[in-house]
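> Would you be able to build a 3D model of this:
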Amino acid sequence: MSEFIVREATFDDLDVILNLSDFNEGLDYLHEYFDFFQYCSNVSSYVCETRNQIVGFVVCHRVDNGETILTRASRVRPEFQGKGVYRQMLMEIEEVQKEKGTARRYAVVKTRPPAMTQFQTYTSVARKEAHVFEIAEKQHVETSISDIKRIDGSLQKLEGIPALYLSEPYSNYLFPEGRIIVDLVPMRLIESNLKLAQGGNTVFVSDVQISSNEYKKLNTFDTPQVKGILTASSVYCTRDFAEMVLILDVFGSDLSTFNNHVAFHLKRLRESTPQQVHFKIYTSKGCDCSVIDYTLAQFGIKKLTEGRRLEDCVKLEVYERDLP
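As a prediction, this is how the structure comes out:
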């Protein structure tokens, strides 16, 4: 019998969980996401105990009509790392999900190259480029935003991702990876997943369109050209409120209006206290990286060129393996 016991987490566990380890170089989102994880119907949180002491924690998402399970926010108390705590939690999760009769595969998202000895049974199924920036002086950014007299009226704030975007020609253009990846959660192009992408504090903005001339091609064998991009931002403060993290997911490769999208999402920072902002941007295949760098420079936002935080966000890659 294992010395570890895995059970579902409760609100009473939160303080202990947050102090288990220094998660993600201090850029921990759990204190702001925990309520969402506890109340969301497709998310379950688990703790691992030994001798009445919590030594591990992990969150399990169920997407793709329950066929795919994904873990995130995992952490293990330092003195118990390497002793099978995470493995025990994962085994329990897989067993519980298989008993429900729908889970077929396990997915994991990595933002730095994993140890391949641990991923021999996994297949890489999607990848997005990562761009990491730091905002050291928020006031300067606010001034740059105010200098933009008017954000293009074609930008539309959305409640979520429209179902129309899951069909061609939009789907191939917006989601060339074959996955919707929002706030580090990958999902297949299934309509039931759209409501799952609306959770947390994610804000969607779009100016995606097909011109009137291109619409004529919808009734032919030609593929109409899609313009614009869909962007989604997620924001959270670190536990000590010393920093804010802004994640911007970019879908599509036409960056002609990218500056307006950035300005729109940066306005979310005005409601925050921290002056230091860690800014991560994930882009789809075909995006011109130089446009990303140039646009952020116009807002006085510098690209991170070295350090552990850059090493921890090299790219976003999704791996999957079948459940036994």
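> Does residue 288 touch residue 255 like I think?
Yes. Between residue 288 and residue 255 there is a contact under C-beta atoms under 8 Å: 6.1 Å. Every residue, glycine included, has its C-beta placed from N, CA and C.
> more crowded one of the two?
residue 255 (21 against 13; other C-beta atoms under 10 Å).
> May I ask you to confirm that that one is in contact with residue 229?
Yes. Applying C-beta under 8 Å, one finds residue 255 in contact with residue 229, separated by 6.8 Å.
> tell me which residues in stretch 100-107 are buried?
103, 106-107 (16 or more other C-beta atoms under 10 Å).
> that older thread, now list whatever residues contact both of residue 288 and residue 255.
Contact criterion C-beta atoms under 8 Å, 6 or more residues apart in numbering; no residue bridges residue 288 and residue 255 by contacting each.
> Which parts of the stretch 51-200 of the chain are strands?
Secondary structure of the stretch 51-200 of the chain, counting by DSSP state E, counting those that start in this stretch: strands at 53-63, 68-76, 105-110, 123-135, 156-158, 179-182, 185-188.
> Those: which one's closest to residue 15?
Closest to residue 15 of the strands of the stretch 51-200 of the chain is strand 53-63 (C-beta to C-beta; 10.1 Å).
> Quick one: distance of that closest one to the chain centre.
From the chain centre to the centre of strand 53-63 is a distance of 17 Å (C-alpha atoms, centre = their mean, to the nearest Å).
> show me what contacts the nearest residue to residue 188 once chain neighbours are set aside?
Ranked by C-beta to C-beta, 6 or more residues apart in numbering and with sequence neighbours excluded, the top spatial neighbour of residue 188 is residue 64, at 4.8 Å. For residue 64, the contact set (C-beta under 8 Å, 6+ apart) comprises 187-188, 190, 193.
> any chance of the residues you listed in TSV, with neighbour count too?
Listed next are these as TSV, based on neighbours: other C-beta atoms under 10 Å:
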residue	neighbour count
187	22
188	18
190	14
193	22
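> most packed of the strands of the stretch 51-200 of the chain?
Using mean count of other C-beta atoms under 10 Å, the stretch among the strands of the stretch 51-200 of the chain with the largest mean neighbour count is strand 179-182, at a mean of 24.
> so the helix or strand hosting residue 319 versus strand 105-110, what angle?
Secondary structure assigned from DSSP states H and E places residue 319 in strand 315-322. Between strand 315-322 and strand 105-110, the angle comes out at 160 degrees (axes from the mean of the first three to the mean of the last three C-alpha atoms, to 10 degrees).
> Distance from strand 315-322 to the middle of the chain?
13 Å.
> Paired strands for that strand, with orientation please.
strand 105-110 (antiparallel), strand 123-135 (antiparallel) (DSSP bridges).
> Touching that strand from outside, list them.
Contacts of strand 315-322 (C-beta under 8 Å, 6+ apart): 68, 104-112, 114, 119, 121-130, 177, 179, 181, 184, 186, 282.
> List the buried residues in it.
Within strand 315-322, the residues that count as buried by 16+ other C-beta under 10 Å are 316-320.
> what would the residues you listed look like in a markdown table with pLDDT and distance to residue 53?
Putting the buried residues of strand 315-322 into a markdown table (pLDDT from 0 to 100; distance: C-beta to C-beta, whole Å) gives the following:
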| residue | pLDDT | distance to residue 53 |
| --- | --- | --- |
| 316 | 91 | 34 |
| 317 | 92 | 34 |
| 318 | 94 | 33 |
| 319 | 93 | 31 |
| 320 | 94 | 33 |
